[in-house]
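Q: coords below, sequence missing:
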């Protein structure tokens, strides 16, 4: 497939994968980066910070400041109710989509 | 000792001592980030995130007594990557696409009678070229030739531009009507 087409798809999916990672519990940015690093969705902070801020403004997630052992306090992210709802919707949609792709390609 | 610059970053109490070129690189990165986040309501928030992260990484490089080098800054900024606002970029691209191309007064050689001045004026003003020529001739007669000098002057001053078709296309490529 043309790489830019996959790129578009990937860009759209990143938001949901972040919801997925954040849903595992309190995570901070380095955790998200580590989790995605070995995947197709490796992301750098320059992309992540603006996206997290936007998602927070949309009410999908929120953060608490927590002290760290070294350095300044860190933002620990968690899902809001709306974020959990979005993630559940996305998973259901993804399941139906993969089923559809299987069926159509048969 | 060489000149160094002390830098404070959001969230970090410590100051960092940077070599001048390292400072320039860092300042340019943060300026670029601020510019890209211009229309982002979370601008201050994101810039704070970036500064905190840069500070965290600077602590880890710990060059001892020596100032921080441009190589160290490059490594850090490379790991963080350029600020990508995604949606904002799309908005900017959309705005650029709907913005009509800036109109320039040029001489148009395609279909010219003399030097293409009237042709260029016609493309610029959206008036039919025969009308422009008629006005020019009448003005020349009325002013006993002064306008001929204007024509010659414009022929020298104006750059040669695109064909009328291209000028037309440039003009009508505005917002979809």
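A: All right, it came through fine. The shown structure was predicted, so the numbers you read here are calculated from the model rather than taken from an experiment.

Q: need the longest helix for chain B.
A: Across chain B, the longest stretch assigned as helix under DSSP state H is helix B:43-61.

Q: elements contacting it?
A: Here helix B:43-61 touches helix A:45-57, helix B:20-36, helix B:70-80, going by 3 or more CB pairs under 8 Å, 6 or more residues apart in numbering or on different chains; DSSP states H and E. Bear in mind the C-beta positions are built from the backbone N, C-alpha and C, glycine included.

Q: what residues does the first one touch?
A: By that I understand helix A:45-57. A:14-15, A:18-19, A:29, A:32-33, A:61-63, A:77, A:83, B:33, B:37, B:40-42, B:45-46, B:49-50, B:53, B:79-88 (CB atoms under 8 Å, 6 or more residues apart in numbering or on different chains).

Q: Are any of these buried, and if so which?
A: Buried members of the contacts of helix A:45-57, counted by 16 or more other CB atoms under 10 Å in any protein chain shown: A:14-15, A:18-19, A:29, A:32-33, A:61, A:63, A:77, A:83, B:33, B:37, B:40, B:42, B:45-46, B:49-50, B:53, B:80, B:83-85, B:88.

Q: What ranges does chain B have for its helices?
A: All helices of chain B, identified by DSSP H, fall at B:20-36, B:43-61, B:70-80, B:87-98, B:117-125, B:129-142, B:146-157, B:164-172.

Q: again with chain A
A: A:3-22, A:29-37, A:45-57, A:81-104.

Q: Of all the ones you listed, which one is nearest residue B:131?
A: Residue B:131 lies closest, by CB to CB, to one member of the helices of chain A: helix A:3-22, at 47.0 Å.

Q: mind showing which ranges of chain B have poor pLDDT?
A: In the predicted model of chain B, residues B:1-2, B:87-103, B:162-177 satisfy pLDDT under 70.

Q: redo that, cut-off 50
A: Low-confidence regions of chain B, defined by pLDDT under 50, span residues B:88-89, B:91-92, B:94-99, B:169-177.

Q: Show me which residues of it sit near chain A.
A: With CB under 8 Å from any CB of the partner chain as the criterion, chain B meets chain A at residues B:10-12, B:33, B:37, B:40-42, B:45-46, B:49-50, B:52-53, B:55-56, B:59, B:79-88.

Q: coming back round to it: just name the most buried of the helices of chain A.
A: When you average the neighbours per residue for each of these (mean count of other CB atoms under 10 Å in any protein chain shown), helix A:45-57 leads with a mean of 21.

Q: Next, the angle from it to helix A:81-104.
A: Per axes from the mean of the first three to the mean of the last three CA atoms, to 10 degrees, the angle that helix A:45-57 makes with helix A:81-104 is 110 degrees.
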